[in-house]
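Asks: Please work out how this folds:
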Amino acid sequence: MQYTVPHYWKKFKCTGGACPDTCCAGWQIQIDPASLKKYRSQKGLLGTRLHNEINWREGCFRQYQGRCAFLNDENLCDLYLEGGGKKAFCRTCRTYPRHIEEFEGLREMSLSLSCPEAARLILECEEPVRFLHGEDSKTEAYPEFDFFIFTKLMDTRSLIFRILQDRTHPLRLRLAVILALAHDLQNRISRNRLYEADELLERYGSSKVWGWFEQKLSEYAPDPKAAEAVAGYSPEKQMLQHLFQILEKMEVLRPDWKQYRKQAGKTLMEAEPFSPEQEAAFQTLFTDTVAEQLMVYFLFTYFAGAVYDGDAWGKIKFCFAAVTLIREFFRAEWLQNPDSATAETLQRTAWRFARELEHSEPNKTLLEKALKKEPLFSLRSLFTLLS
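Replies: Residues are numbered from 1 along each chain as shown. Okay, the predicted model is just below:
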């Protein structure tokens, strides 16, 4: 078995009671069958408490006011303290915020953006993300796993990372190139012409792509004369409105999320276009490097999953939409309180959004499905969000 992790993987250390938003509250903590069996056989006072504080029908810890029954007043875990450390944890508590994507012969492991400390590591990382590899003797077989498409997806993602992390070019151009690359790859997948992928990667990997694409980008951009503003909104605001309309249909995991989302949307729709000075001030916090790191995070986590549904274009649209929404939620917070917006505010915005999106399979599915609508979320339309 091969393993891949981002280079900051081992830097993670849980901050425990100092965490600004503990992972032991706000969502249901499912218990794996092996841990349930262990907890059922636990003796003594801890065993009695486990018996009373587990919902055995649902296979999860009970909650009180949205907090796990074992989370004490110091935001520390009594099960950890009384049960002998990590060995007392169920699989969920033992692994979070580590996230694993599974492929035949490969495990790709990341730190979940929904964890405040993981978000800090991701967003404070200044250097381009490197990926570390390891291997052990474990083997397994996945019936019907398509290695051909998986190889092309991985080759494409490697090139996407190379393009995205080439900081000699403007971020807007880098994002446009990788969106177009995934779009063109999808055309070959959909037409059963994946054998043309190598030629496609060679073309996009050429140094000529930058000059060629700077010229092409203006052709793909919306024609201001043809883009009629709806209710006075610019094409960019129209796209943001469409994205926020998708969010309105998602299930709400945190009780304060609905009002937060509504206020952010209202702030953005009512805001005047940024002046050059405002944009420069905003970008001192939401920098090109921050956007790059977020995009790398989402691509590493989700892009290769296209091996299971053949939707490479859908995966990169999902990643791009997630980064855009984090940027715009933070822009709303910056507009509301520009003097108090900090790097910590940005980190909070990122993990708050990730908790609503990434920890709900229905929400992830809904976003990806909604983004399939063409021409609403076409390549040309997405380019209006590049700034």
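Asks: by contact count, what packs against the top helix by length along the chain?
Replies: Across the chain, the longest stretch assigned as helix under DSSP state H is helix 312-336. Judged by 3 or more C-beta pairs under 8 Å, 6 or more residues apart in numbering; DSSP states H and E, helix 312-336 is in contact with helix 147-164, helix 171-190, helix 235-248, helix 257-270, helix 288-302, helix 343-357, helix 361-370. For every residue, glycine as well, the C-beta is placed using N, CA and C.
Asks: Rebuild these as CSV, extending it with mean pLDDT and distance to Ala332.
Replies: Formatted as CSV, the helices and strands packed on helix 312-336 follow (pLDDT from 0 to 100; distance: least, C-beta to C-beta, whole Å):
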stretch, mean pLDDT, distance to Ala332
helix 147-164, 98, 25
helix 171-190, 97, 21
helix 235-248, 95, 10
helix 257-270, 97, 4
helix 288-302, 98, 16
helix 343-357, 97, 9
helix 361-370, 97, 19
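Asks: Export those helices to JSON lines and append columns for distance to Met109 and mean neighbour count.
Replies: Putting those into JSON lines (distance: least, C-beta to C-beta, whole Å; neighbours: other C-beta atoms under 10 Å) gives the following:
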{"stretch": "helix 147-164", "distance to Met109": "16", "mean neighbour count": "18"}
{"stretch": "helix 171-190", "distance to Met109": "23", "mean neighbour count": "20"}
{"stretch": "helix 235-248", "distance to Met109": "28", "mean neighbour count": "18"}
{"stretch": "helix 257-270", "distance to Met109": "27", "mean neighbour count": "16"}
{"stretch": "helix 288-302", "distance to Met109": "10", "mean neighbour count": "22"}
{"stretch": "helix 343-357", "distance to Met109": "17", "mean neighbour count": "21"}
{"stretch": "helix 361-370", "distance to Met109": "18", "mean neighbour count": "15"}
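Asks: Could you export those helices as CSV, including distance to Lys11?
Replies: Shown next, in CSV, are the helices and strands packed on helix 312-336 (distance: least, C-beta to C-beta, whole Å):
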stretch, distance to Lys11
helix 147-164, 20
helix 171-190, 25
helix 235-248, 31
helix 257-270, 29
helix 288-302, 14
helix 343-357, 15
helix 361-370, 27
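Asks: Would you tell me which of the ones you listed gets closest to Glu117?
Replies: helix 343-357 (9.1 Å; C-beta to C-beta).
Asks: could I have that closest one exported to CSV, CA atoms only?
Replies: C-alpha atoms of helix 343-357 as CSV (Å, rounded to 0.1, in the frame of the first residue of the first chain):
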residue,chain,number,x,y,z
ALA,A,343,-5.7,36.1,9.8
GLU,A,344,-7.5,34.4,12.7
THR,A,345,-10.8,35.7,11.3
LEU,A,346,-10.0,34.2,7.9
GLN,A,347,-9.1,30.8,9.5
ARG,A,348,-12.4,30.8,11.4
THR,A,349,-14.3,31.6,8.2
ALA,A,350,-12.6,28.7,6.5
TRP,A,351,-13.2,26.0,9.1
ARG,A,352,-16.7,27.3,9.7
PHE,A,353,-17.6,26.8,6.1
ALA,A,354,-15.8,23.5,5.9
ARG,A,355,-17.8,22.1,8.8
GLU,A,356,-21.1,22.9,6.9
LEU,A,357,-19.9,21.5,3.6
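Asks: got the angle between it and helix 361-370?
Replies: Interaxial angle of helix 343-357 relative to helix 361-370 (axes from the mean of the first three to the mean of the last three C-alpha atoms, to 10 degrees): 90 degrees.
Asks: what packs against helix 343-357?
Replies: Looks like helix 343-357 contacts helix 116-124, helix 257-270, helix 312-336, helix 361-370 (3+ C-beta pairs under 8 Å, 6+ apart).
Asks: outside of that helix, which residues touch it?
Replies: With contact meaning C-beta atoms under 8 Å, 6 or more residues apart in numbering, helix 343-357 is reached by 20-21, 26-27, 112-116, 118-120, 122-124, 250, 252-254, 257, 260, 285-286, 290, 294, 322, 325-326, 329-330, 333-334, 363-364, 367.
Asks: What is the distance between that helix and the centre of its chain?
Replies: Relative to its chain's centre, helix 343-357 lies at 10 Å (C-alpha atoms, centre = their mean, to the nearest Å).
Asks: and of the helices and strands packed on helix 312-336, who's closest to Leu382?
Replies: helix 171-190 (6.0 Å).
Asks: which is the next helix or strand following that closest one?
Replies: Sequence order places helix 197-204 as the next helix or strand after helix 171-190, per DSSP states H and E.
Asks: Only the buried residues of that following helix, if you could.
Replies: For helix 197-204, the buried set under the neighbour-count rule, 16 or more other C-beta atoms under 10 Å, comprises Ala197, Leu200, Leu201, Tyr204.
Asks: Export the residues you listed as TSV, with columns for pLDDT.
Replies: Compiled in TSV, the buried residues of helix 197-204 are given as follows (pLDDT from 0 to 100):
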residue	pLDDT
Ala197	98
Leu200	98
Leu201	98
Tyr204	97
